[in-house]
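1. Any chance you can model this:
(chains A, B, C and D)
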There are 2 protein chains.
Amino acid sequence: MLFSSELIKGTLKTIILKLLSDNKRMYGYEITQKVKDLTADRIQLTEGALYPTLHALEADGLLTTETEYIGKRVRKYYSLSKEGKTKSKEKLSEFADFIDTMKFLLDLKHKSA
Amino acid sequence: MLFSSELIKGTLKTIILKLLSDNKRMYGYEITQKVKDLTADRIQLTEGALYPTLHALEADGLLTTETEYIGKRVRKYYSLSKEGKTKSKEKLSEFADFIDTMKFLLDLKHKSA
DNA sequence: TTATATACATAATATTCTTATGTATAATAA
DNA sequence: TTATTATACATAAGAATATTATGTATATAA
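-> Predicted coordinates for the structure are as follows:
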């Protein structure tokens, strides 16, 4: 069972920043596989969403890149910049707060007066 | 502190369906106020997002409406249809699952090999 | 009497996603 | 050996959904 993509919207940057804060450096394809593995195939990042987002994070100065060749195949490694590390913490803390807020909003009974 | 709108994206339908499953009937403005109250002003639904979404849910057969006049001012009450009730449960259960998945994905350390 | 709150709606724009397409190498299965 | 799948990048067209701005109108509070 795959999550409806609707739900995942808006979480991509947070996911990327978190994985990079744990792993020092990762390349795009690796990120898609890691997320697939860790979520038992329930979140599958598409390339059309991932790559433009990586580029945007880099353009914002949050990520730095190193290109390497594995045989003849190119691989582009991303790492958090100093600002990226700060941003990663902010995003994670905001997301944790958001989850708490949503849990409260959605779990409890709030009958109107 | 307001949540970045990015995070809230994709949760609007779930929020609406949940509030209506607790409250039998609500009107648009009331929904915005309820969400504002319950989240201590951290989630503020905008009219430009809310009304089109209500219309879409109605067009999908998930909501029914009754229009009433309070003095001379119109008020449009929304209620869950039978399919809406089913959908509401589905959405909430999916969201709960999603939260668990995201918690796992974001809380733990997953260093690559 | 002026600003704010209530109450709806929609249009232009922006953002961000899906889907499709393109290129190319490496590994595995038929 | 050849076709398929996996690896690995990228971008463009289109869809979905949000923001921001605008419009209309009544009711209430400063």
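2. going forward, measure contacts and count neighbours with C-alpha atoms only.
-> Noted.
3. where along chain A do the strands fall?
-> A:26-27, A:63-70, A:73-80 (DSSP state E).
4. okay, now A:K76: neighbour count?
-> 15 (other C-alpha atoms under 10 Å in any protein chain shown).
5. pretty sure it is touching A:T65, no?
-> Yes: the criterion here is C-alpha atoms under 8 Å, and A:K76 meets it with A:T65 at 6.5 Å.
6. The strands of chain A: which one's closest to chain B?
-> strand A:26-27 (8.8 Å; C-alpha to the nearest C-alpha).
7. contacts for stretch A:14-31?
-> A:50-51, A:54, A:75-80, A:84-85, A:87-88, A:91-92, A:95, B:105-106, B:109-112 (C-alpha atoms under 8 Å, 6 or more residues apart in numbering or on different chains).
8. go on, stretch A:56-63?
-> A:13, A:54, A:64-65, A:78-85, A:87.
9. Narrow the residues you listed to just the buried residues.
-> A:13, A:54, A:64-65, A:78-80, A:84-85, A:87 (16 or more other C-alpha atoms under 10 Å in any protein chain shown).
10. Contacts (any at all) between DNA strand C and stretch A:54-74?
-> Yes: using C-alpha under 7 Å from any atom of the strand, stretch A:54-74 reaches DNA strand C at A:70-73.
11. could you give the mean pLDDT of that stretch?
-> Predicted confidence along stretch A:54-74 averages 96 (mean pLDDT).
12. Could you list the buried residues of that stretch?
-> A:54, A:57-58, A:62-65.
13. Stretch A:82-102 now?
-> For stretch A:82-102, by 16+ other C-alpha under 10 Å, it's A:84-85, A:87-88, A:91-92, A:94-96, A:98-99, A:101-102.
14. Closest to the centroid, which residue in chain A?
-> Centroid-nearest residue in chain A, with C-alpha atoms, centre = their mean: A:I15, separated by 1.9 Å.
15. Quick check: pLDDT value at that residue.
-> So A:I15 comes in at 97 (pLDDT).
16. What parts of chain A come near DNA strand C?
-> Close to DNA strand C, as judged by C-alpha under 7 Å from any atom of the strand, chain A has residues A:5-6, A:8-13, A:45-49, A:53, A:70-73.
17. interface residues of chain A facing DNA strand D?
-> A:6, A:27-30, A:47-49, A:51-52, A:70, A:73-77.
18. Sitting in helices, which of the buried residues of stretch A:82-102 do you find?
-> A:84-85, A:87-88, A:91-92, A:94-96, A:98-99, A:101-102 (DSSP state H).
19. May I see these arranged in TSV, with pLDDT as well?
-> Shown next, in TSV, are those (pLDDT from 0 to 100):
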residue	pLDDT
A:G84	98
A:K85	98
A:K87	96
A:S88	97
A:K91	95
A:L92	95
A:E94	94
A:F95	94
A:A96	93
A:F98	94
A:I99	93
A:T101	94
A:M102	95
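20. Dump these into JSON lines; add distance to B:D41 as well.
-> Listed next are these as JSON lines, based on distance: C-alpha to C-alpha, whole Å:
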{"residue": "A:G84", "distance to B:D41": "28"}
{"residue": "A:K85", "distance to B:D41": "28"}
{"residue": "A:K87", "distance to B:D41": "23"}
{"residue": "A:S88", "distance to B:D41": "24"}
{"residue": "A:K91", "distance to B:D41": "19"}
{"residue": "A:L92", "distance to B:D41": "20"}
{"residue": "A:E94", "distance to B:D41": "15"}
{"residue": "A:F95", "distance to B:D41": "16"}
{"residue": "A:A96", "distance to B:D41": "17"}
{"residue": "A:F98", "distance to B:D41": "12"}
{"residue": "A:I99", "distance to B:D41": "15"}
{"residue": "A:T101", "distance to B:D41": "11"}
{"residue": "A:M102", "distance to B:D41": "13"}
